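Asker: Quick one, structure for this:
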Amino acid sequence: MKEAALQRLEKFRRILPRLDLAPAEPGGPITVIIDPPIDELCEVTLRLTHANGRTYAQREVMLSPETDRIPLSPTRNLPEGDYDVIVTPPLAEYYSTSRIEHRIPISIATAPTRQSDIRPAP
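Answerer: Predicted coordinates:
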């Protein structure tokens, strides 16, 4: 690999493990936090993927020293089950070279309300 590619790979290896989930708030978004904060710019892709392989949310994000929280998806729109928040380098780079990723497991335990179950109040 070229020197620049090795440096980028090392940067992702340092930064990706710093991402984790914030404590969940009922009905609130899934929020990824960066702890400890980073001291450089780093572009990443966040994906919320169900155990069956379906991706329910995806976001490209430029992390910076000012970034501390990244909302990913409202939990009320998701079917119950087990998911992973998968953090990778930008997808084009991920698929072409590094194949490095960080997985954060999450379980959604309550079923969403179906639109047909919502009725106007009397």
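Asker: Would you agree residue 93 falls within a strand?
Answerer: No: counting by DSSP: H, G, I helix; E, B strand; the rest coil, residue 93 is located in no strand; its state is helix.
Asker: Quick check: buried residues in the lengthiest helix in the chain?
Answerer: Counting residues, the longest helix found in the chain (DSSP state H) is helix 3-15. By neighbour count on 16 or more other C-beta atoms under 10 Å, the buried set for helix 3-15 is 8, 9, 12, 15. Where you see a C-beta, it was placed from the backbone N, CA and C, and this is true even at glycine.
Asker: cool, stretch 20-33 as well?
Answerer: Within stretch 20-33, the residues scored as buried using 16+ other C-beta under 10 Å are 22, 29, 30, 31, 32.
Asker: State whether the fourth one and residue 72 are indeed in contact, as I suppose.
Answerer: Which is residue 31. Yes: using C-beta atoms under 8 Å, residue 31 is in contact with residue 72, at 6.9 Å.
Asker: Tell me the bridge partners for residue 46.
Answerer: Judged by DSSP bridges, the bridge partners of residue 46 are residue 59, residue 87.
Asker: contacting residues for residue 93?
Answerer: residue 8 (C-beta atoms under 8 Å, 6 or more residues apart in numbering).
Asker: again, only using 10 Å
Answerer: Residues in contact with residue 93 (C-beta atoms under 10 Å, 6 or more residues apart in numbering) are 5, 8, 9, 12, 43, 45, 99, 100.
Asker: Check those and tell me the two furthest apart.
Answerer: Greatest spatial distance among those (C-beta to C-beta): 5 and 45, at 17.6 Å.
Asker: what's the closest residue to residue 48 other than its chain neighbours in contact with, if anything?
Answerer: With C-beta to C-beta, 6 or more residues apart in numbering as the criterion, residue 48 has its nearest non-adjacent residue at 4.1 Å, and that residue is residue 57. For residue 57, the contact set (C-beta under 10 Å, 6+ apart) comprises 29-30, 46-49, 71-74, 77-78, 83, 85.
Asker: count of neighbours near residue 68?
Answerer: Look at residue 68: counted by other C-beta atoms under 10 Å, it has 15 neighbours.
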